[in-house]
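[1] Provide a 3D model corresponding to the input given below.
(chains A, B, C and D)
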2 protein chains.
Amino acid sequence: MDTTQRTDQQRSADRRRRELLEAADRVVLRDGPQASMNAIAAEAGITKPILYRHFGDKGGLYAALAKRHTDALLDSLRAALDAPAERRERVESTLDTYLAAIEARPQVYRFLMHPAEGSTGADQGFDVGKHSAPLLRRMGEELAQVIEDRLDLGPGSQQLARVWGHGIVGMMHAAGDWWLGERPCSRAELVRSLADLLWGRLAAAGDKIGGPGF
Amino acid sequence: MDTTQRTDQQRSADRRRRELLEAADRVVLRDGPQASMNAIAAEAGITKPILYRHFGDKGGLYAALAKRHTDALLDSLRAALDAPAERRERVESTLDTYLAAIEARPQVYRFLMHPAEGSTGADQGFDVGKHSAPLLRRMGEELAQVIEDRLDLGPGSQQLARVWGHGIVGMMHAAGDWWLGERPCSRAELVRSLADLLWGRLAAAGDKIGGPGF
DNA sequence: ACACTCGTGTTACCGCTAGTAACACCAAAT
DNA sequence: ATTTGGTGTTACTAGCGGTAACACGAGTGT
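    Just a heads-up that it's a prediction; the model follows:
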């Protein structure tokens, strides 16, 4: 007597939830990441408390919204990484999949990675996009300059140096961030591992027996 | 008649500015990055409008605060990168300098990179630390698993795989972010450059004539 | 037919924030 | 003595996230 009842209700609730998420998606993509709950509710044609009943708080809505996009992205990355091909080809294909995704939907990307940027109104809370990004950019540009000045990279060296500068800085940043949170090893070990990566140990590594190798 | 006058005033204003920045530093390091202007003013022993007279708005204060730390960090990085030593040694030394800095003052690091995290109160504006970081972490962990499963890395392979997973994801992320903003080349070129970096072209590159080489 | 619950929706509010206008004081210059 | 300019305050606005309290409408047990 309650199973059909419950499923009915749950179905309806799920449909509502999806509708709300789609409305939120539209608003976030239009107004930028600091879209207000009021605006999202208005876009969905309802009022605030309903949003809160469905998602708890703003973080819950954000998480639900982010989960859809990240899940989709991760699925396509996994597919590229698992395709039957040689190692370097798969690495390139995976990089390309990621870059194609952020190229195709830059607003989604900015929403996921650089929350506070878009709109004109009073930004509350400190920004990341406006200040941490500049630090990474500066480091990337400076490293690019050093690479270009001192390394002989043949033709196209300037562009290559810039890509490498930003790439290496990003590697350092992400690895450092992860390491700082989990402390999985000593700093010296981390440094050695990263330098090994830059020194080509990835290319030199042999395949594990039984697998096609990364 | 006005030069000494002006310099006096300017000196006084600069001193005040430094005092305010130090107070802001204390509050931000204690309360996390969403420290309120009220709290900062209270810590400095004055009231809000004075802060606004000195820094314009919250972004201005944040920028001034961030500039001090980023300048100091960049200086030490430049020093490590310019030290007289062999290339790999300098790379390791620079990585170590960065990691030592974020290790020594993790609150500063979190302030610069992950603005919204700390406190208990109502977070306004969407977070980055709570959602974008999880995406990067997930990607890093998944890649680490793939690397560990399929590559033969010898002893310590698990740790090495995790470092590489997060490092490579960070490289991809930062390079993609920069590329998306500046569009300095085609996507295919970017992919090829990054793959070349991972394939050891950094280690294989010759020094430029006349320099000690990166 | 009546009350009783329960999900869905609303209005009206709280406490907080960033940011500002208007006023008060005090020192130096005229 | 008076006018200027900088320093400081109180008191306010507008908007945010979040919530309590109330209102309606459908199904149910008696």
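
[2] Just name the shakiest helix or strand of chain A by mean pLDDT.
    In chain A, no helix or strand scores lower on mean pLDDT, DSSP states H and E than strand A:206-207, which sits at a mean of 63.

[3] any idea how far residue B:32 is from residue A:16?
    To residue B:32, residue A:16 is 35 Å away according to Cβ to Cβ, to the nearest Å. C-beta here means a position set from N, CA and C on the backbone, and glycine is covered the same way.

[4] So these two - more neighbours on which side?
    Neighbours were counted for residue A:16 and for residue B:32 using other Cβ atoms under 10 Å in any protein chain shown; residue B:32 has more, 20 against 15.

[5] Now do the strands in chain A.
    According to DSSP state E, chain A carries its strands in the segments A:151-152, A:206-207.

[6] right, and residue A:77 touches residue A:98 too?
    Yes: look at residue A:77 against residue A:98 with Cβ atoms under 8 Å: they come within range, at 6.2 Å.

[7] Give me the pLDDT value at residue A:126.
    What the model reports as pLDDT for residue A:126 is 49.

[8] What of residue A:201?
    Looking at residue A:201, its pLDDT reads 76.

[9] And for residue A:183?
    Residue A:183 is given a pLDDT of 91.

[10] ok, now how distant is it from residue A:85?
    Taken as Cβ to Cβ, the span from residue A:183 to residue A:85 is 36 Å.

[11] same check, this time on residue A:101
    Residue A:101 is 19 Å from residue A:85, by Cβ to Cβ.

[12] neighbour-wise, which of these two wins?
    Set residue A:101 next to residue A:85 and count neighbours by other Cβ under 10 Å: residue A:101 wins out with 18 against 13.

[13] Any figure for the gap between the closest residue to that one other than its chain neighbours and residue B:156?
    Excluding the flanking residues, the one nearest residue A:101 by Cβ to Cβ, 6 or more residues apart in numbering or on different chains is residue A:73, at 5.6 Å. According to Cβ to Cβ, residue A:73 stands 30 Å off from residue B:156.

[14] Would you mark the buried spots in stretch A:30-40?
    Of all the residues in stretch A:30-40, those buried under the rule 16 or more other Cβ atoms under 10 Å in any protein chain shown are A:31, A:32, A:33, A:34, A:35, A:36, A:37, A:39, A:40.

[15] Report whether it contacts DNA strand C.
    No: interface with DNA strand C: stretch A:30-40 contributes nothing (Cβ under 7 Å from any atom of the strand), its closest point being 9.3 Å away.

[16] Check the average confidence over that stretch, would you?
    Averaged over stretch A:30-40, pLDDT sits at 87.

[17] can you give me how far that stretch is from the chain middle?
    How far stretch A:30-40 lies from its chain's middle: 20 Å, per Cα atoms, centre = their mean, to the nearest Å.

[18] One more: stretch A:167-182?
    Here stretch A:167-182 is found 14 Å from its chain centre; the criterion is Cα atoms, centre = their mean.

[19] any residue of that stretch up close to chain B?
    Yes: using Cβ under 8 Å from any Cβ of the partner chain, stretch A:167-182 reaches chain B at A:167-180.

[20] how about stretch A:148-158: buried residues?
    Neighbour-count burial for stretch A:148-158, counted by 16+ other Cβ under 10 Å, picks out A:148, A:150, A:151, A:153.

[21] What mean pLDDT does it get?
    Averaged over stretch A:148-158, pLDDT sits at 87.

[22] Go ahead and measure how far that stretch is from the middle of the chain.
    Centroid separation between stretch A:148-158 and its chain, computed with Cα atoms, centre = their mean, is 30 Å.

[23] first to last residue in that stretch, what's the distance?
    Across stretch A:148-158, the terminal residues are separated by 6 Å (Cα to Cα, to the nearest Å).

[24] ok, which of the buried residues of stretch A:30-40 also contact chain B?
    Answer for the buried residues of stretch A:30-40 near chain B (Cβ under 8 Å from any Cβ): A:33, A:34.

[25] need the buried residues of stretch A:30-40 in TSV with distance to residue A:197, can you?
    Listed next are the buried residues of stretch A:30-40 as TSV, based on distance: Cβ to Cβ, whole Å:
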residue	distance to residue A:197
A:31	40
A:32	36
A:33	32
A:34	37
A:35	39
A:36	43
A:37	43
A:39	44
A:40	42
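
[26] Just the ones of the buried residues of stretch A:30-40 in helices?
    A:31, A:37, A:39, A:40 (DSSP state H).

[27] For the residue nearest to residue A:101, report the pLDDT, please.
    Note on residue A:73: pLDDT of 90.

[28] Wait, residue A:51 touches residue A:39, no?
    No: the pair residue A:51 and residue A:39 does not pass the contact test of Cβ under 8 Å, sitting 10.7 Å apart.

[29] near chain B, anything from stretch A:91-99?
    Yes: counting by Cβ under 8 Å from any Cβ, contacts between stretch A:91-99 and chain B involve A:91, A:92, A:95, A:96, A:98, A:99.

[30] what mean pLDDT does that stretch have?
    For stretch A:91-99, the per-residue pLDDT averages 90.

[31] what does it contact?
    A:73, A:76-77, A:79-81, A:83, A:85, A:214, B:172, B:176, B:179, B:187-188, B:190-192, B:194-195, B:198 (Cβ atoms under 8 Å, 6 or more residues apart in numbering or on different chains).

[32] centre of the chain versus that stretch, how much separation?
    With Cα atoms, centre = their mean as the basis, stretch A:91-99 stands 14 Å off its chain's centre.

[33] same thing with stretch A:26-35?
    17 Å.

[34] Ok, stretch A:79-87 next?
    Mean C-alpha position of stretch A:79-87 versus that of the full chain (Cα atoms, centre = their mean) differs by 21 Å.

[35] That one and chain B, any residue contact?
    Yes: counting by Cβ under 8 Å from any Cβ, chain B is contacted by stretch A:79-87 at residue A:81.

[36] which parts of that stretch are buried?
    For stretch A:79-87, by 16+ other Cβ under 10 Å, it's A:80, A:81, A:87.

[37] From those residues, which land in helices?
    Those of these lying in helices (DSSP H): A:80, A:81, A:87.

[38] which residues touch the first one?
    Okay, so that is residue A:80. A:90, A:93, A:94, A:96, A:97.
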